[in-house]
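*Asks:* Got a predicted structure plus its sequence, pasted below:
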Amino acid sequence: MIEPIFLLEAAVNGILLSGVLALLALGLNLIFGVVDIVWIAYVDLVMVCMYLVYFLVMVYGWPLWLAGLGSLALGALLGLGVHLLIITPILGSAPVNQLLATGGLLFFLQSFATFLWTTDHKTVRLALPILEVGGMFLSFVRLIAFVISLLAMLGLWVFLRRTYIGTAIRAVSQDREAMALMGANPQYVYLVTSAIGGAMAGLAGALLVIQYSVHPFFGAAFGPLTFMICVLGGLGNMVGAFVAAVVMSEIISIGGVVISTEMGYVIAFVVFIVMMFVRPGGLLVRRG
Amino acid sequence: MRAGRLAGAVLLALLVLGPFLPMGGMRQYVLHVLIQILVWSFIGGAWSLMGRFGLVSLGHGAFLGLGAYTVTLLWNAYGLTPWLGGVVAAALTIVVALVVAYPCSRFQVVGHYFALVTLAVGEVVRLLIIAERNWTGGSLGLSLRASPSDSLLAMQFADKRVFYYASLVLWLAGLWIWYRVDRSMAREAMEAIGEDETAAASVGIHVTRFKMGITMLSAGLTAIGGVAYAQYITYVNPDTLAGIGVSLRIVFAVVLGGMYSLLGPTVGTALTIALGEYLRVVFGLRLIGMAETIYGLLLIVFIIFLPAGIYGSLRDAVTRLARPARLAGGLS
């Protein structure tokens, strides 16, 4: 029998993990909602940003916060690049082609990273303490990552609610055709959305590289989970994304301690499949 | 059409005679590549049975893995011949496919959502294989227990030519099934469903029944493809036979070739495998990852510039060239 304190520790770690996952799911959600294309390679962009932070901090000795900003910028650039070079030419293509074009990007990034940086796991080591709270050991790094994720989500919320372009983004995600009829330029909205989605990938990369080691297959490990949280949260629903992230990371975290890491993921994925049947619009949306 | 039929006959004759053509020391290697192309084309064809009707599955790795692992485990543990094991594997895979596909159809999970649900199914199978490492070998994979000598019962042969002809027959059978579906009433019904489910239902098409039927066929054939692959390679691994990687590879090959034509999946598979092999030979052990990098890059370029697939685009180009000529001939 597992001691309750371990379960509690796993639960708290699950919540801490959910912050970054929610951030990722939101970035993907934004793009999916606005451009209506699933970027299969989204978490591979995160992987590239993680490498950037690793090299800036460990090789060039940049302070972490500055490297994080660099990662944010790189993410935004990558987002723009993906949209201009890959998505724009195929906007009118069949959905399967759109899916596969970003799938090709997945293969490309994965193998190019293998080529440039080999399959070695690379870790950013931080001399930050492990907190002991009531017999539980919690990583201070994870706490920071969680708080920054929440702040970033709050920032995104304010941006989408309080700025003109934010309103345009929300409008496009609600009705793509009507937006063009109203005289808005969809390509501009798409570009801003892709840049923001990319920037969130960059920020998430900076927050992830201080918790996990980075390797070329990081995207393959976290990608499917991110898509599922994104869909479970419901399109354009920030609270939903957060709730979905908490549910999934709790299942993985507690399942990992009680049974095994793989079974934790299996249960989470099965929950996702079942929820797609029961609540296709997202966890917080009732069936219409 | 006459010329096309002639070309097909010549190609088939070449394929049948293939193993006996003089190839010097390259024979084993060429046969190996051809077997891979035939088996994966068969699997690609099975995928396209669903894909062409808008049921874009990213989880066919699940069916492949179920097929391959079932037959391997049954043979290793109980010595059950792969002939029976293959039937069990296909039946089991069909059941799993139905368990997923029925609610998908009932609750109208379509488009991106269908792709993501099937992706999850593929990952679940991969992770289950890894988690049950005590009897599946986990991520290290599992080798097929070798039979002491060549044996039809064990479906194990030292001579690659046997596998070559077996996969040729399998591939032809796959083409025949594809052709039959293409010429059937089910195709009309499925196309209507792919266009608009509600409209299809309103003219009396039983949406769920047709979807179940095509899913069962596609999943069962994919499982058989997995069995064939496992018997040939005699080694199964969760990362090469289940999960998102292999699922994407299948879809890539098919879309690259063109999923609306009989030979599309074969052309796409032949091209991706030949390209992969070529890049592997060129780069060898130097520049690890470079071959796959170019592969990924080419995939993106192909999908952007040849949206109808290579075979489809070629055929369109040929008909476009041929049509004005025929018109001119008719007028004179």
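*Replies:* Thanks, I have the structure now. The shown structure was predicted, so the numbers you read here are calculated from the model rather than taken from an experiment.
*Asks:* Point out the residues in the stretch 151-288 of chain A that sit beside chain B.
*Replies:* Contacts of the stretch 151-288 of chain A with chain B, taken as Cβ under 8 Å from any Cβ of the partner chain, map to A:216, A:220, A:223-224, A:227-228, A:231, A:260, A:262-263, A:265-266, A:269-270, A:272-273, A:276-277, A:280. (Each C-beta comes from the backbone N, C-alpha and C, glycine too.)
*Asks:* Which of those residues are buried, as a ChimeraX select command?
*Replies:* Of these, the buried ones go into a single ChimeraX selection, burial set by 16 or more other Cβ atoms under 10 Å in any protein chain shown:
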select /A:216,220,223,224,227,228,231,260,262,263,265,266,269,272,273,276,277,280
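*Asks:* can you tell me which residue is nearest the centre of chain B?
*Replies:* With distances taken as Cα atoms, centre = their mean, B:I43 lies nearest the centre of chain B, 1.8 Å away.
*Asks:* now check the host helix or strand of that one, is it near chain A?
*Replies:* Per DSSP states H and E, B:I43 falls inside helix B:27-51. Yes: judged by Cβ under 8 Å from any Cβ, helix B:27-51 comes into contact with chain A at B:G51.
*Asks:* Show me what secondary structure element comes after the helix or strand B:V251 falls within.
*Replies:* In the assignment (DSSP H and E), B:V251 maps to helix B:244-257. Note on helix B:244-257: by DSSP H and E, the next helix or strand toward the C-terminus is helix B:264-283.
*Asks:* what helices or strands is the helix or strand that that following helix is followed by leaning on?
*Replies:* Tracing the chain past helix B:264-283, the next element assigned as helix or strand by DSSP H and E is helix B:290-305. Here helix B:290-305 touches helix A:95-117, helix B:244-257, helix B:264-283, going by 3 or more Cβ pairs under 8 Å, 6 or more residues apart in numbering or on different chains; DSSP states H and E.
*Asks:* Could you export the shortest one as PDB, CA atoms only?
*Replies:* C-alpha atoms of helix B:244-257 as PDB (Å, rounded to 0.1, in the frame of the first residue of the first chain):
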ATOM      1  CA  ILE B 244       1.900   8.100 -33.600                       C
ATOM      2  CA  GLY B 245       5.100   7.700 -35.600                       C
ATOM      3  CA  VAL B 246       4.100   4.700 -37.700                       C
ATOM      4  CA  SER B 247       0.500   5.900 -38.000                       C
ATOM      5  CA  LEU B 248       1.800   9.200 -39.500                       C
ATOM      6  CA  ARG B 249       4.100   7.300 -41.800                       C
ATOM      7  CA  ILE B 250       1.300   5.300 -43.300                       C
ATOM      8  CA  VAL B 251      -0.800   8.400 -43.800                       C
ATOM      9  CA  PHE B 252       2.100  10.200 -45.400                       C
ATOM     10  CA  ALA B 253       2.800   7.600 -47.900                       C
ATOM     11  CA  VAL B 254      -0.800   7.300 -48.900                       C
ATOM     12  CA  VAL B 255      -1.500  11.100 -49.200                       C
ATOM     13  CA  LEU B 256       1.800  11.500 -51.000                       C
ATOM     14  CA  GLY B 257       0.800   8.900 -53.600                       C
END
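*Asks:* quick check: angle from it to helix B:264-283?
*Replies:* In terms of direction (axes from the mean of the first three to the mean of the last three Cα atoms, to 10 degrees), helix B:244-257 departs from helix B:264-283 by 110 degrees.
*Asks:* all strands for the chain, in order.
*Replies:* Answering for chain A, as no chain was given. Secondary structure of chain A (DSSP state E): strands at A:130-133, A:136-139.
*Asks:* To clarify, I was referring to chain B.
*Replies:* Taking DSSP E, the strands of chain B run over residues B:142-143, B:235-236.
*Asks:* Among the ones you listed, which comes closest to chain A?
*Replies:* Proximity to chain A (Cβ to the nearest Cβ) singles out strand B:142-143 among those, at 16.2 Å.
*Asks:* picking that back up, among the residues of the stretch 151-288 of chain A next to chain B, which are in helices?
*Replies:* Using DSSP state H, A:220, A:223-224, A:227-228, A:231, A:262-263, A:265-266, A:269-270, A:272-273, A:276-277 are the members of those that sit in helices.
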